[in-house]
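dropping the sequence and predicted coords here.
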Amino acid sequence: MLVRNLYVLLLGFALLVLQSSLAVLVPTHPISPVLLLPVILHLGVSPEVPLMRGAITSFVLGWAMDEFCGAPMGLSTFALVATYLATHGAVNQLFLRSMASQIFLTFGVAMLAGGTMLALRAIFGPGEAFPLIMPPPDWLAPLFSTSSRAGGWLELTIELTGASIVTAALSPLIFWMMARIDATGTRARRSTDRGVAA
């Protein structure tokens, strides 16, 4: 069990490093994925993950995401723990067996989590240090008219929808990695059970 927890945390940290590295190399601002979201969803729907373990893992990964992204302290932590708790309480394990259901659930949860994070940032974040609307990269600048309020809403809509689509598209790969981590825990438990039976 401890080894599986460490694997999940290592995968989470590796995804954060990948996400922050890609953000530096490729200007993906309006459509930046949240690669930790499928990890949290998998923890939420896995029947083998106790509530407390999943909540603590979500907290640690959310705290690390706050540190990596420079977000206001506690914003990602709150969003990921709330996402885990809502998923744990509402979703049946059979719902995520197909790739299509993984993609659609991840898209829906990414929209909700992203909207919650934008709203919390608007309410609690300082005006200049953490702006709600960041300027688009040069390749997307013609799409936005930042002089009007409608342009700001358009950018927020594109950011939220684009990030959710990219996160959902990448989710089957992350779910597969989490299933491999779960399989290592199951193999270890079976070998322990055989050793006790002998």
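Here it is on my side, so go on.

what ranges does this protein have for its helices?
With helices called from DSSP state H, the chain shows them at 2-25, 36-45, 51-69, 75-90, 99-124, 149-197.

and among these, the most buried is which?
Mean neighbour counts were compared across those using mean count of other CB atoms under 10 Å; the top stretch is helix 36-45, at a mean of 26. Using the backbone N, CA and C atoms, a C-beta is placed for each residue, glycine as well.

same list (the helices of the chain) but as TSV, adding mean pLDDT.
TSV is the format used below for those (pLDDT from 0 to 100):
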stretch	mean pLDDT
helix 2-25	87
helix 36-45	89
helix 51-69	90
helix 75-90	86
helix 99-124	83
helix 149-197	76
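
point to the residue nearest the middle of this protein.
Computing the C-alpha centroid of the chain and ranking residues by CA atoms, centre = their mean puts Leu37 first, at 1.9 Å.

residues contacting that residue?
Listed by CB atoms under 8 Å, 6 or more residues apart in numbering, the contact set of Leu37 reads Leu80, Thr83, Thr106, Val109, Ala110, Ala113, Thr167, Ser171.

so what's Met111 up against?
With contacts taken as CB under 8 Å, 6+ apart, Met111 has the following neighbours: Leu160, Thr161, Ser164.

just the closest of the residues you listed to Leu15, please.
The nearest member of the contacts of Met111 to Leu15, counting by CB to CB, is Ser164 at 16.6 Å.

not including adjacent chain positions, what is the nearest residue to Gly44?
Taking CB to CB, 6 or more residues apart in numbering, and ignoring the residues beside it in sequence, Gly44 has Thr87 as its nearest neighbour in space, at 2.9 Å.

am I right that that neighbour is in contact with Leu41?
Yes: with contact defined as CB atoms under 8 Å, Thr87 counts as touching Leu41 (5.6 Å).

need the overlap of contacts for the two.
Val109.

against Ile31, how distant is Ile181?
Here Ile181 is placed at a distance of 27 Å from Ile31 (CB to CB, to the nearest Å).
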